[in-house]
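1. sequence unknown, structure follows:
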């Protein structure tokens, strides 16, 4: 029996942090036991904002390497470069012809970003490329953060629209949201999501941060008034965010953490959190640096994954184009 498929991707921009690990990578590792995971380095999505060519290439290899270091197994999952599969762009254009501009202008992320960077065609249209990524592999589930649910709903809408017009072709993928870690907030501002593109490096714990850097970032992380280690998102958002991180990594429930640190202060808790983060990231970092030193081997893994992804993508694209009436 063929395993169900999951597609998810990470853009090679900024620094992958513990929010990406807890909300995506760690989840993919667990999912690959029961599903075929298509783990995509979303380099085409990265260029919706200007990228330095050398940095883009380095970051693409870094993301792929971190995927493997975190536990994505190339023998079980398909790790590939989005740009190495031309079918993504071909289906992207097809779906552009079915998408009303109004649907794209209503996207929350577009509304937020256009105020900062001006209206670019890529910024407006990249949700359609995201739809193409998902539908191209007949994905059953898509691991998403809460802020991506709107994009997945667009995916389901366009799948339904295509199916109604050209016959049953696409599955309507379902979201898979890990609610406990869907929104890890910034260490410098617990009201905003942790971001790998944050200007302030103290916003996040980079997966490759040194032990000394992790200790410093956790130590200076924003806290609330008082000193009690108690979970309350409304009254104590800062310590609640740190506790959520501790819970997600340790597997301990929030009440258990509260009990463990009863009578202790923020300093005691931060010391324990930093130690836990260092212990968790140490084996990931060791594997990463071992892999990244052999870029030839890493490129071979990506080439094999991209070939496997492209084979399936072309097969599905052929069916799509045939139903639309293209001469094949």
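-> Structure received. Remember, predicted model here, so these are calculated numbers, not experimental data.

2. where does pLDDT dip in the chain?
-> In the prediction, the chain carries residues with pLDDT under 70 at positions 1, 111-119, 145-147, 178-182.

3. how does it divide up, domain by domain?
-> Domains of the chain are assigned by automatic domain parsing as 5-176+295-324, 201-289.

4. now do the last one: distance from first to last residue.
-> So the one you mean is domain 201-289. 21 Å (C-alpha to C-alpha, to the nearest Å).

5. also the first one?
-> In terms of C-alpha to C-alpha, the two terminal residues of domain 5-176+295-324 are separated by 25 Å.

6. ok so, going back, how about the domains of the chain, which one is nearest residue 186?
-> Proximity of these to residue 186 was assessed by C-beta to C-beta; the nearest stretch is domain 201-289, lying at 4.2 Å. No exception for glycine: its C-beta is placed from N, CA and C like everyone else's.

7. before we move on, back to that, any chance of the domains of the chain in JSON lines, plus mean neighbour count?
-> Shown next, in JSON lines, are these (neighbours: other C-beta atoms under 10 Å):
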{"stretch": "domain 5-176+295-324", "mean neighbour count": "18"}
{"stretch": "domain 201-289", "mean neighbour count": "17"}
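
8. for the stretch 201-328 of the chain, which segments count as helices?
-> Defined through DSSP state H, counting those that start in this stretch, the helices belonging to the stretch 201-328 of the chain, from first to last, are 211-219, 237-250, 254-260, 266-292, 295-324.

9. which strands or helices does the shortest one pack on?
-> Think helix 254-260. Taking 3 or more C-beta pairs under 8 Å, 6 or more residues apart in numbering; DSSP states H and E as the contact definition, the neighbouring helices and strands of helix 254-260 are helix 237-250.

10. quick one, what contacts residue 56?
-> Under the criterion of C-beta atoms under 8 Å, 6 or more residues apart in numbering, the neighbours of residue 56 are 12-13, 43, 46-47.

11. out of these, which comes closest to residue 19?
-> Where those are concerned, and distances follow C-beta to C-beta, residue 19 has its nearest neighbour in residue 13, at 14.7 Å.
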